[in-house]
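Visitor: here is my input; please provide its structure:
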Amino acid sequence: MKTVLYVCVHNAGRSQMAEAYTNHLARERNLPIIAFSAGTVGGTQLNPVAAQVMEEAGVSMGGHLPKLITQAMANSADKIITMGCGVDAEACPARIFVTEDWGLDDPKGQPIETVRAIRDQIRERVENLLNEENENE
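Guide: Residues are numbered from 1 along each chain as shown. Coordinates of the predicted model:
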């Protein structure tokens, strides 16, 4: 089973949406891929608008909480993807090798239409990632 770790600063929006989409779509397609997410600083709660737009898309983020990245998480990941949130290597409590950066806008404080657009960008990138992984099997 391949493991993808999505990393952001607070782990409250983009990385959580990417984790939820990856796990949801991989299950639907019966792919041996699992995703986790974490933050270099860690937030106190999920972005409620991010959770709302994911529910609209039929993907629940219920039970998700922001988490602080650990070295064990980084070590267990086959691929580490940052969300474009300026992850500061100095602030990161784990040594990570970023596989790629998705350069996504931050949904924090944005109107719901903007968060929906970010959600859709995340889904498209996750679908591309899953298609690539499936082709490499």
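
Visitor: how far away is Pro48 from Leu68?
Guide: Pro48 sits 20 Å away from Leu68, going by C-beta to C-beta, to the nearest Å. Glycine gets a C-beta too; all of them are placed from N, C-alpha and C.

Visitor: cool, and Asn23?
Guide: For Asn23 relative to Leu68 (C-beta to C-beta), the value is 20 Å.

Visitor: for the closest residue to Glu100 other than its chain neighbours, grab phi and psi.
Guide: Nearest non-adjacent residue to Glu100, counting by C-beta to C-beta, 6 or more residues apart in numbering: Ile81, 5.4 Å away. Main-chain dihedrals, Ile81, degrees, to the nearest 10: phi -120, psi 130.

Visitor: tell me who's in contact with Ile81.
Guide: 4-7, 18, 98-102, 129 (C-beta atoms under 8 Å, 6 or more residues apart in numbering).

Visitor: do the same with Ala26
Guide: 32-35, 130 are the contacts of Ala26 under C-beta under 8 Å, 6+ apart.

Visitor: quick one, strands of the protein?
Guide: 2-8, 33-39, 79-82, 100-101 (DSSP state E).

Visitor: in JSON lines, list the ones you listed along with distance to Ser60.
Guide: Listed next are the strands of the chain as JSON lines, based on distance: least, C-beta to C-beta, whole Å:
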{"stretch": "strand 2-8", "distance to Ser60": "17"}
{"stretch": "strand 33-39", "distance to Ser60": "14"}
{"stretch": "strand 79-82", "distance to Ser60": "21"}
{"stretch": "strand 100-101", "distance to Ser60": "26"}
